[in-house]
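Asks: Dropping a prediction and its sequence here:
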Amino acid sequence: MFAKGKLKENLHLFAAVLITGSLITFFATTRLHAQVSLPVLLVLEKGDSMMAIVDPGALKIVTRVPAGPDPHEVAASSVRKRAYISNYGGSDSDLHTISVVDLSTRTALPAIDIAPLHSAHGLDFVGGKLYFTAETNKAIGRYDPVAQRVDWILGTGQDRTHMIWVAPSLDRIFTSNVNSATISIIEQSAPQNPGFGPSTAGRKTWHVTNVPAGRGSEGFDVSPDGRELWVANAQDNTITIIDVAGKKAVETLPISAKGANRLKFTLDGKHVLVSGLGAVSNGAPNLVVFDSFSRKEIRRISLGGGSAGILMQPGGSRAYVAVSAKNKVAVVDLNTLEVTGEIPTGRAPDGMAWAVRPSD
C-alpha cells in the first residue's frame with residue numbers, strides 16, 4: 001500500500017511539473033511574441049550620423065546605431081528586421097550608399113552601394129523591395145534585398161527628385177521635385193505601341209506626368225482614399241492639392257508655418273499635419289493642422305523650433321514630430337491636438353519610421 005501510494009504521489013508530482021513547465025513555456029513564448037510584435041520608433045539624428053531606437057511607450061531611447069554619412073530618411077522591413085537609411089549629402093553629392101541596420105542585433109551592416117546613382121534621399125519599402133530617390137541623377141531606383149542589387153531605375157527628368165511614395169499595388173509612384181516645383185505621377189500600363197518591335201504580350205511600361213506645384217515642393221502625402229495628393233511648398237508657404245485621377249492641381253492653400261517641408265495625413269484622413277523649418281518668432285507655429293474636408297487651418301502649435309519629419313502612430317491616436325532645432329521629438333495627441341510629451345534625442349532629428357521590436 002505504501003509503495004502504491006508513493007507511486008501515485010510521484011505521478012501527481014510529475015504531472016504538476018509537466019503542467020508548470022508547459023505554462024512557463026507558454027508565458028515565455030507569449031512574452032517573447034509581445035516583445036517582437038510591439039513597434040519601436042526609429043529616429044535619425046542627422047547631426048550625429050546615428051539612428052536612435054526608441055521605446056515609444058516610455059518615450060526614451062533604448063540604443064543608438066551608426067547610420068552612415070548624412071542620414072536623412074529611414075524605412076524598415078519588419079520581415080527581415082532591417083532598417084534602410086539614405087545617405088544624402090545634398091544635390092550633386094558624391095555619396096552613393098544606403099546604410100543598413102540589423103534590428104535584431106542592433107548593429108550596422110555593410111552599406112548598399114547604389115553607384116552610379118548618387119544622393120539617395122526619399123525611401124519607401126513596399127512589396128519586399130526598397131524604392132529610393134537619387135537626386136543627382138534625377139531618377140528613382142529600386143533595390144532587391146534578396147538578390148542584393150538595384151534591379152530597376154527610372155528617370156524623372158526633374159530637378160531634385162526628393163521624396164517618394166509607392167502604392168501598395170506597385171503600379172503607381174509619386175515623387176516630389178523640389179527645384180522643378182512639380183510632383184511626378186508615375187504610372188504603369190500596357191505599351192502604347194504594342195505592334196512595334198518584339199512581342200509585347202504581358203509587358204508593362206511606365207508613363208511620367210509632371211504636375212506643377214509650388215516653389216520648393218517637398219514634403220507630400222497621398223490621402224488614405226488615394227484621391228488627393230497634398231504637397232507643402234516651402235518657398236511659397238503654400239499647399240498644393242492635386243487631383244490624382246485628373247493629374248492636375250485643383251487648389252492652393254496658404255499656410256502659416258514658414259519653410260514647410262513635411263506633410264502627413266492622419267490615418268483616418270480627417271486631418272493633415274504640416275511641419276516647418278522656419279525660426280520661431282512672435283509665436284510663429286512649427287506645426288499646423290488642417291481639416292482635410294473644409295481645407296481650413298484649424299490648429300497652430302509652437303514646438304519651440306524648426307521641425308521636420310512627421311510620423312503617425314500605427315493605431316492612429318498620436319503623431320510624432322521631429323523638432324530638429326531643439327533635438328527632440330514631440331508627441332501630439334490627435335484627439336486633442338495637444339503636445340502630450342517629448343523624446344530627447346541627439347542632434348537634428350528628422351526622418352522616422354516604425355519597426356518591429358527585436359527580441360532581447
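Replies: Arrived safely, thanks for sending.

Asks: what's around Gln188, how many residues?
Replies: Other residues within reach of Gln188 by the criterion other CB atoms under 10 Å amount to 14. C-beta here means a position set from N, CA and C on the backbone, and glycine is covered the same way.

Asks: gap between the closest residue to it other than its chain neighbours and Val54?
Replies: If the residues on either side of it in the chain are set aside, Gln188 comes closest to Asp171, at 4.2 Å by CB to CB, 6 or more residues apart in numbering. Shown here: Asp171 relative to Val54, a distance of 34 Å by CB to CB, to the nearest Å.

Asks: quick one, which of those two is more surrounded?
Replies: Between Asp171 and Val54, Val54 has the larger neighbour count (other CB under 10 Å), namely 22 against 13.

Asks: For the more buried one, which non-adjacent residue is spatially closest?
Replies: Using CB to CB, 6+ apart and skipping residues adjacent in sequence, the residue nearest Val54 is Leu41, 4.0 Å away.

Asks: Got phi/psi on the one you found?
Replies: The phi/psi pair for Leu41 (degrees, to the nearest 10) reads phi -100, psi 130.

Asks: give me every residue that touches it.
Replies: Shown here is Leu41, whose contacts under the criterion CB atoms under 8 Å, 6 or more residues apart in numbering are Ile53, Val54, Asp55, Pro56, Leu311, Tyr320, Val329, Ile343, Met352, Ala353, Trp354, Ala355.

Asks: Any idea what it is bridged to?
Replies: The partner list for Leu41 in beta bridges (DSSP bridges) reads Val54, Trp354.

Asks: Dig out what the residue found closest to Pro110 once you drop the neighbours it is linked to in the chain forms beta bridges with.
Replies: Here the nearest residue to Pro110 in space, its sequence neighbours aside, is Val100; by CB to CB, 6+ apart that works out to 7.0 Å. Bridge pairing for Val100 (DSSP bridges) gives the partners Tyr84, Leu109.

Asks: Does Val100 touch Ile85 like I think?
Replies: Yes. Assessed by CB atoms under 8 Å, Val100 is found in contact with Ile85 at 7.5 Å.

Asks: The two: which is more packed in?
Replies: Just comparing Val100 and Ile85: by other CB under 10 Å the higher neighbour count belongs to Ile85, 32 against 21.

Asks: residues contacting that one?
Replies: Contacts for Ile85 (CB under 8 Å, 6+ apart) come out as 44, 51, 67-68, 71-74, 98-101, 123, 351.

Asks: Return the closest of these with respect to Ala234.
Replies: The shortest gap between Ala234 and any of the contacts of Ile85 belongs to His72, at 15.2 Å (CB to CB).

Asks: Against which helices or strands is the host helix or strand of that closest one packed?
Replies: Secondary structure from DSSP states H and E places His72 in strand 71-77. The elements that strand 71-77 packs onto, with contact taken as 3 or more CB pairs under 8 Å, 6 or more residues apart in numbering; DSSP states H and E, are strand 39-45, strand 50-55, strand 82-87, strand 120-126, strand 349-356.

Asks: and the angle for it with strand 50-55?
Replies: Relative orientation of strand 71-77 with respect to strand 50-55: 50 degrees, computed using axes from the mean of the first three to the mean of the last three CA atoms, to 10 degrees.

Asks: if you compare the helices and strands packed on strand 71-77, which one is most tucked away?
Replies: Per-stretch averages of neighbours, counted by mean count of other CB atoms under 10 Å, single out strand 82-87 among those, with a mean of 26.

Asks: Specify the angle between it and strand 71-77 in degrees.
Replies: Going by the same axes, to 10 degrees, strand 82-87 makes 160 degrees with strand 71-77.

Asks: Now find how far off-centre strand 82-87 is within its chain.
Replies: From the chain centre to the centre of strand 82-87 is a distance of 11 Å (CA atoms, centre = their mean, to the nearest Å).

Asks: how about that strand as CSV, C-alpha atoms only?
Replies: What follows is strand 82-87, C-alpha atoms only, in CSV (Å, rounded to 0.1, in the frame of the first residue of the first chain):
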residue,chain,number,x,y,z
ARG,A,82,16.3,45.6,-41.4
ALA,A,83,16.3,49.4,-41.4
TYR,A,84,17.5,51.2,-44.5
ILE,A,85,18.9,54.8,-44.3
SER,A,86,19.5,57.2,-47.1
ASN,A,87,23.0,58.8,-47.1
